[in-house]
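Asks: predicted model follows, preceded by the sequence.
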Amino acid sequence: MTKVLITGATGNVGTAVLAALQNIEHALDVYAGVRNVDADRIKLGQYNTRFVQFDFTDISTYSTALGGCDLLFLLRPPQISEVKKYFQPMLETCVAQGVQHIVFLSVQGVESSSIIPHHKIEKLIVDSKIPYTFLRPAYFMQNFTTTLRDDLVQKKRIFLPAGIAKFTLIDVRDIGVVAAKVLTNSTLHINKSYELTNKEKLTFAEMAAKLSSVLGVKIQFISPNLIRFFLTKRKEKMPIMLILVMIMLHYSPRFQKEPAITDWVEKITGREAITFAQFIKDNFK
């Protein structure tokens, strides 16, 4: 049986991949790579998966987790920026253990942004000569249920230095379904890259308007300057590294080419991508 290891299994994307695999017929032997097998076995108890210890920051866990692994679903935890320190030995272990295909969760526009970690990881994967599929998703709608949730629910606002930049969007559930389709038919996706978006391209002011319309509550969009944003988030005790990530994610697009809308979700899954309005109804109503 083909063994597949899902890294980041307890996160938004990892659990979406596990859920999608559970909803389709396949012959994969699915393993969830987790830091604490006993605790995470309970957390992920609803999914039909085996468990193996895997910790990105503990290189000693790589060999056991990747032993006998044919397919690897790989992502980068936000807190890990030292690509060479962790991902190079991980890929060397993949080569040594005979991994046949890597599905890597990258980001849209990565090919033209060499400073971000995903760009470096993609290059390491290509250099490893292991067949790959790069999934390059747009802006996660689930940011509204995680890092942006407190502002949204408690203060009825979106507080980001995004200006009038337009963002393409994707629901993490769609990423999970795409990943599941690729993992279960990997030979069809060898050395391919897919930008994953839905059919919308919105500013945060437009997102606030959609949230207001669906929720029946006025949601305000405020675009602060960088100093105000930084000081506000530090006052809220947000870690400095996360603030910098938030700035890169929301401020940098103001000076970049607008991202493109694609139809890869529809082509790969056979259905249209989830709309922002549907996301809001599913998560806030």
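Replies: Received it, and whenever you're ready, just let me know what you need.

Asks: what about residue 5, distance to residue 182?
Replies: Plainly put, residue 5 is 14 Å away from residue 182 if you go by C-beta to C-beta, to the nearest Å. (Glycine included, C-beta is placed from N, CA and C.)

Asks: swap that for residue 272, sorry
Replies: In terms of C-beta to C-beta, residue 272 sits 18 Å off from residue 182.

Asks: tell me which of those two has more neighbours.
Replies: The neighbour comparison of residue 272 against residue 182 (other C-beta atoms under 10 Å) goes to residue 182, with 21 against 12.

Asks: what's the single longest helix in the chain?
Replies: helix 83-97 (DSSP state H).

Asks: any idea how far residue 143 is from the residue nearest to residue 28 when sequence neighbours are not counted?
Replies: Leaving aside its sequence neighbours, residue 28 sits nearest to residue 4 (C-beta to C-beta, 6 or more residues apart in numbering; 4.9 Å). According to C-beta to C-beta, residue 4 and residue 143 sit 27 Å apart.

Asks: more neighbours, the two?
Replies: residue 4 (24 against 18).

Asks: quick one: residues in contact with the strand or helix carrying the more buried one.
Replies: Using DSSP states H and E, residue 4 falls within strand 2-6. Contact with strand 2-6 is made by 14, 17-18, 27-33, 49, 52, 54, 65-66, 68-73, 183, as judged by C-beta atoms under 8 Å, 6 or more residues apart in numbering.

Asks: can you give me the strands in the chain?
Replies: Here the chain has its strands, by DSSP state E, at 2-6, 28-34, 50-53, 71-74, 101-105, 132-137, 139-140, 157-159, 167-170, 192-196, 201-202, 220-222.

Asks: would CSV of these with distance to residue 251 be doable?
Replies: Formatted as CSV, the strands of the chain follow (distance: least, C-beta to C-beta, whole Å):
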stretch, distance to residue 251
strand 2-6, 32
strand 28-34, 33
strand 50-53, 37
strand 71-74, 27
strand 101-105, 23
strand 132-137, 19
strand 139-140, 13
strand 157-159, 13
strand 167-170, 12
strand 192-196, 21
strand 201-202, 17
strand 220-222, 14
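
Asks: from residue 57, how far out is the nearest residue to residue 37 once chain neighbours are set aside?
Replies: Of all residues not flanking residue 37 in the chain, residue 51 sits nearest, at 4.9 Å (C-beta to C-beta, 6+ apart). Using C-beta to C-beta, we find residue 51 at a distance of 18 Å from residue 57.

Asks: these two: who's more crowded?
Replies: With neighbours defined as other C-beta under 10 Å, residue 51 and residue 57 compare such that residue 51 has more, 17 against 12.

Asks: tell me who's in contact with the more buried one.
Replies: The neighbours of residue 51, taking C-beta under 8 Å, 6+ apart as the test, are 31-32, 34, 37, 40-41, 44.

Asks: closest one of the residues you listed to residue 135?
Replies: residue 32 (18.4 Å; C-beta to C-beta).

Asks: ok, how many other residues are close to that closest one?
Replies: Residue 32 sits with 25 neighbouring residues when counted by other C-beta under 10 Å.

Asks: now do the same contact list for it.
Replies: By C-beta under 8 Å, 6+ apart, the neighbours of residue 32 are 6, 9-10, 14, 18, 40, 44, 47, 49-52.

Asks: same deal with residue 186?
Replies: Neighbours of residue 186 in contact, by C-beta under 8 Å, 6+ apart: 71, 100-101, 103, 131, 133.

Asks: ok, it to residue 103 distance?
Replies: From residue 186 across to residue 103, the span is 8 Å (C-beta to C-beta).

Asks: residues shared between the contacts of the two?
Replies: Contacts common to residue 186 and residue 103, judged by C-beta under 8 Å, 6+ apart, are 71, 133.

Asks: helices along the stretch 151-285 of the chain, start to end?
Replies: In the stretch 151-285 of the chain, the helices defined using DSSP state H, counting those that start in this stretch lie at 172-184, 204-215, 226-235, 240-250, 264-269, 276-284.

Asks: what's the most buried one of those helices?
Replies: Highest mean neighbour count of the helices of the stretch 151-285 of the chain: helix 172-184, a mean of 24 (counted as mean count of other C-beta atoms under 10 Å).

Asks: buried set for the longest helix of the chain?
Replies: Neighbour counts over helix 83-97 (16 or more other C-beta atoms under 10 Å) mark 83, 86-88, 90-91, 93-94, 97 as buried.

Asks: what's the neighbour count on the residue nearest to residue 226 when sequence neighbours are not counted?
Replies: Using C-beta to C-beta, 6+ apart and skipping the chain neighbours, the partner closest in space to residue 226 is residue 161 (5.8 Å). Per other C-beta under 10 Å, the neighbour tally for residue 161 reads 21.
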